[in-house]
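Participant: 3D model of this:
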Amino acid sequence: MSTPPLRSVAEHQSHIAALLARPDGPNGWPAEQVPITDARGRVLAEAVLSPEQLPSFDNSGMDGYAVRAADIASASERTPVRLPVAGDIPAGAPVGDLASGTAQRIMTGAPVPRGADAVVEVEVTDGGTGTVTINASRALGSFVRPAGGDLAVGQEVLGVGAVLGPAQIGVLGALGIDEVTCRRRPRVLVVSTGSELADNPVPGSGQIRDANGFLLAAAVEEAGAEAVRKLWVADDVPSFLALLDAEISGGDIDLVLTSGGVSAGAYEVVKDGLGPRGVEFVKVAMQPGMPQGSGLVAGTPVVCLPGNPVSALASYEVFVRPALRAAHGHPHPHRPVVRAALTEALIPLGGKRQWRRARLDRAAGTVTPWGPPGSGFLGWFAGADALIDVPPGDAPLPAGELVDVWDLAH
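Facilitator: Below is the predicted model of the structure:
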């Protein structure tokens, strides 16, 4: 029996992207109303138009004095202008009037009185409270923030597909918008498999604690999706299938993400259980993470990752994260890729594309491999903030060589 050829990384990336994509694209992803207090990181499904102008009134951009520019046109250090101070305008005061030939002391953000057309900053005055000495002229509109100067009524504030961060949520709050229409977060069922995984805090002989459930759930949440459950199943095919069927029967799961049980061993519960159901299991020309699986089970996308935690996380980064973000319309589905110079030599893996854990010095434009290349070094992965994308080949990459680096910090 001939061994099928290895699938390329690009081919498997396209396969997973197609599996998770909706026929009508991101606009077909379900939408829901979300309070802005819960909207950080969410993707807008509808544009937001400004219901009012911002700012809503002319206000001062400086601590100083509200004046009529014509009254101080001749002011200089040699020929200062002195004006009576008719009153104070603290922030939050109602809008008043300014008589010709007078000034009013005003604070930053306070409403500019009717009749005033400029603000003189306190630094070019003597700071007087009864009479103020002004040592410089100011043009019309100086240090006045005009009503509507930031946003006009009906202006688009945020477009479809915008990701809501602090600034976006801040402007929504400033406009009095307390909820927005966002795409529903994809719901991802995370399943760890393997009888070697302990189901209690103290592993028994030959057992280990489950890392994959925690790391994949965290990765799913970081990508803007929802890890709806974290499950563990032993290497028993009937139990695995019964659990999976029960979880997806409600139709509220957008993706099942499994780890383990996909290789060529004797107890490959995922492969043995889902292979007969049409899920495809292949080998991809990459390290770490060569064995992969994907397909539909009862109409629900399923992506099957290797069980080694390093392989599972690297595979998630390469295949699942960008496809998951693109599927629900995130405008930046991919990690930023930068070019950086190696601080030490690397040896490629012949016909396999390799992702090496690394630390990126963004200021210096250099990248340092972090830890051994093997798949059993999760501790080293925890200390890395980048992945070096090492292309297939046989020639060593010398120190100083420019390479593509995936920036995991952004």
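Participant: so which bits of stretch 395-410 are buried?
Facilitator: For stretch 395-410, the neighbour count (16 or more other C-beta atoms under 10 Å) marks 397, 403, 405-408 as buried. Every residue, glycine included, has its C-beta placed from N, CA and C.
Participant: actually stretch 187-197, sorry about that
Facilitator: Residues of stretch 187-197 classed as buried: 188-194, 196-197 (neighbour count, 16+ other C-beta under 10 Å).
Participant: only alpha carbons, please: show stretch 116-129 as CSV.
Facilitator: Output of stretch 116-129 as CSV, limited to C-alpha atoms (Å, rounded to 0.1, in the frame of the first residue of the first chain):
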residue,chain,number,x,y,z
ALA,A,116,-16.4,84.8,22.5
ASP,A,117,-14.5,83.6,19.4
ALA,A,118,-11.1,82.7,20.9
VAL,A,119,-9.4,81.4,24.1
VAL,A,120,-6.2,82.9,25.3
GLU,A,121,-4.1,80.3,27.2
VAL,A,122,-3.3,81.2,30.8
GLU,A,123,0.4,81.0,30.1
VAL,A,124,0.4,84.3,28.1
THR,A,125,-1.5,86.2,30.8
ASP,A,126,-0.8,87.2,34.4
GLY,A,127,-3.6,84.9,35.6
GLY,A,128,-5.6,87.7,37.0
THR,A,129,-9.1,87.2,38.5
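Participant: in that stretch, what's buried?
Facilitator: Buried-residue list, stretch 116-129, by 16+ other C-beta under 10 Å: 116-122, 124-125, 128.
Participant: ditto for stretch 338-356
Facilitator: Of all the residues in stretch 338-356, those buried under the rule 16+ other C-beta under 10 Å are 338, 340, 342, 346, 348-349, 352-356.
Participant: quick one: distance of it to the chain centre.
Facilitator: 26 Å (C-alpha atoms, centre = their mean, to the nearest Å).
Participant: on that earlier part again, looking at the buried residues of stretch 116-129, which are in strands?
Facilitator: The strands, defined by DSSP state E, take in 118-121 from the buried residues of stretch 116-129.
Participant: in a markdown table: these, plus distance to Val48 and pLDDT.
Facilitator: Putting those into a markdown table (distance: C-beta to C-beta, whole Å; pLDDT from 0 to 100) gives the following:
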| residue | distance to Val48 | pLDDT |
| --- | --- | --- |
| Ala118 | 33 | 98 |
| Val119 | 31 | 98 |
| Val120 | 37 | 98 |
| Glu121 | 34 | 97 |
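Participant: which single one of these is nearest to Pro84?
Facilitator: Distances from Pro84 to these, taken as C-beta to C-beta, are shortest for Val120 (14.3 Å).
Participant: what strands flank the worst-scoring helix or strand of the chain on mean pLDDT, and is each parallel or antiparallel?
Facilitator: Counting by mean pLDDT, DSSP states H and E, the chain has its least confident helix or strand at strand 226-233, which shows a mean of 84. According to DSSP bridges, strand 226-233 has the following sheet partners: strand 187-193 (parallel).
Participant: can I get the strand it pairs with as PDB, trimmed to CA atoms?
Facilitator: Taking C-alpha atoms only, strand 187-193 is exported to PDB below (Å, rounded to 0.1, in the frame of the first residue of the first chain):
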ATOM      1  CA  ARG A 187     -18.800  28.900  19.700                       C
ATOM      2  CA  VAL A 188     -16.000  26.300  19.800                       C
ATOM      3  CA  LEU A 189     -16.200  23.000  21.600                       C
ATOM      4  CA  VAL A 190     -12.700  22.100  22.900                       C
ATOM      5  CA  VAL A 191     -12.200  18.300  23.400                       C
ATOM      6  CA  SER A 192      -9.000  16.700  24.800                       C
ATOM      7  CA  THR A 193      -8.600  13.000  24.200                       C
END
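Participant: can you give me the mean pLDDT across whichever helix or strand comes after it?
Facilitator: Note on strand 187-193: by DSSP states H and E, the next helix or strand toward the C-terminus is helix 212-222. Mean per-residue pLDDT for helix 212-222: 94.
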